[in-house]
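[1] quick one, fold the following:
(one chain, ligands or ions: 1)
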Amino acid sequence: MEAFAFHKYEGLGNDFIIVEADRDDAVPAAVAKALCDRRFGIGGDGILLLLPPTSSGARGRMRVINADGSVPEMCGNGLRCAVLYAARVQGVAEGEILFDTDAGKKPCLIDDRDGRGLVTVDMGPIRVDDDITLDLGDGEPWTFTPADAGNPHVITTRAASRADIDAVGPRVATHSRFPAGTNVEFAVYRKGAVDLVVWERGVGLTLACGTGACATVAVGVRKGLISVNEEVAVNLPGGPLSIKLRDDGHAIMRGPARHVFSGTLTELPPG
Ligand SMILES: N[C@H](CCC[C@H](N)C(=O)O)C(=O)O
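    Residues are numbered from 1 along each chain as shown. Below is the predicted model:
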């Protein structure tokens, strides 16, 4: 295997292995799993391939690979990390950066003065669908509100202990109702804020989920719990993420990204 450089970044503890690539060749699931393994590999919730842009004016393109090797359409925390990495490589400390993703091009705003690593992303429109009920066969059925943030999410407001989340998250994420799987959000809406825990498709429980935070705020607006254009703090286990649903339906996400370490891999970890 040819040695390659990687850059470990995180956004509110949702952590990624950034690798520059010329082509979006498929990464075998076994390789993704080995690289993301937190003991035998580099460790991470996923891999971000940084590719040449396809849109005019874009400064790069991001392809996301989950820790299980699946390829999601979008990743909010990952995009902040990818944009910050590209901005630092290209010497941009402040200003607009357009970045391509598999869910379309995303206008971003970078504020990296004094290395502060703040990135604001126009995540685009979030589609909210009507509530669904899932009978998991062990007690009260669960009600979820589906929302599409480029990738699929289902949000519940039912009180859930950590044991509930560990039991229900994986079963809903892989439920036959969702042929492509789904991310599962457990939300508690408060005044001006949301407490959120996410069981992510292809990863499991993460410290933060950017698309999940956007989807949860959009559902809050649909339910009349959050106002349009109201900037709310989505309190994730890894820290707060600022989300606003604009009156044009676009979710605006503002939060940090951070470079943790870089390295060179000379051989694949044991898979
Ligand atoms: N696991 C997600 C992708 C990563 C989303 C999350 N890390 C974010 O920050 O949006 C999925 O399969 O849709």
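[2] okay, buried residues for stretch 144-159 please.
    Judged by neighbour count using 16 or more other Cβ atoms under 10 Å, the buried positions of stretch 144-159 are 144-157. Every residue, glycine included, has its C-beta placed from N, CA and C.
[3] chain center to that stretch: distance?
    When C-alpha coordinates are averaged (Cα atoms, centre = their mean, to the nearest Å), stretch 144-159 and its chain have centres 14 Å apart.
[4] just stretch 102-119 next, same as before
    Between the mean C-alpha point of stretch 102-119 and the mean C-alpha point of its chain there is a distance of 14 Å (Cα atoms, centre = their mean).
[5] show residues contacting that stretch.
    Residues outside stretch 102-119 that contact it (Cβ atoms under 8 Å, 6 or more residues apart in numbering) are 55, 58, 63-64, 71-74, 79-80, 83-84, 87-88, 92-100, 120-124, 150-151, 254-259.
[6] run a quick neighbour tally on the nearest residue to Pro240 once chain neighbours are set aside.
    Distances taken as Cβ to Cβ, 6 or more residues apart in numbering put Ala233 closest to Pro240, at 4.5 Å, once the chain neighbours are dropped. The local packing of Ala233 (other Cβ atoms under 10 Å) involves 16 other residues.
[7] measure Ala233 to the ligand for me?
    Here Ala233 is placed at a distance of 16 Å from the ligand (Cβ to the nearest ligand atom, to the nearest Å).
[8] can you tell me if the helix or strand hosting Pro240 touches the ligand.
    Secondary structure from DSSP states H and E places Pro240 in strand 239-245. No: with Cβ under 6 Å from any ligand atom as the threshold, strand 239-245 lies outside contact range of the ligand, at a closest distance of 9.0 Å.
[9] enumerate the residues of the stretch 1-150 of the chain near the ligand.
    Proximity of the stretch 1-150 of the chain to the ligand, by Cβ under 6 Å from any ligand atom, involves residues Asn14, Val64, Asn66, Pro72, Cys75, Gly76, Asn77, Gly78.
[10] just name the closest of those residues to Val221, please.
    Checking those against Val221 by Cβ to Cβ gives Gly76 as the nearest, at 17.1 Å.
[11] what helix or strand is the spatially closest residue to Gly192 that is not a sequence neighbour on?
    The spatial neighbour of Gly192 that comes closest, neighbours along the chain excluded (Cβ to Cβ, 6+ apart), is Val232 at 5.8 Å. Assessed by DSSP H and E, Val232 sits inside strand 231-236.
[12] what comes into contact with the strand holding Pro240?
    Strand 239-245 is touched from outside by 12-13, 126, 207-208, 210, 213-214, 216-218, 221, 226, 228-234, 251-256, with contacts defined as Cβ under 8 Å, 6+ apart.
[13] relative to Cys36, how far out is Leu268?
    From Leu268 across to Cys36, the span is 12 Å (Cβ to Cβ, to the nearest Å).
[14] more neighbours: which of these two?
    When Leu268 and Cys36 are compared for neighbours, Cys36 comes out ahead with 24 against 13, by other Cβ under 10 Å.
[15] which residues touch that one?
    Counting by Cβ under 8 Å, 6+ apart, Cys36 makes contact with Ile17, Ile42, Gly43, Gly44, Asp45, Gly46, Ile47, Ala67.
[16] before I go, just wanted to say thanks for your time.
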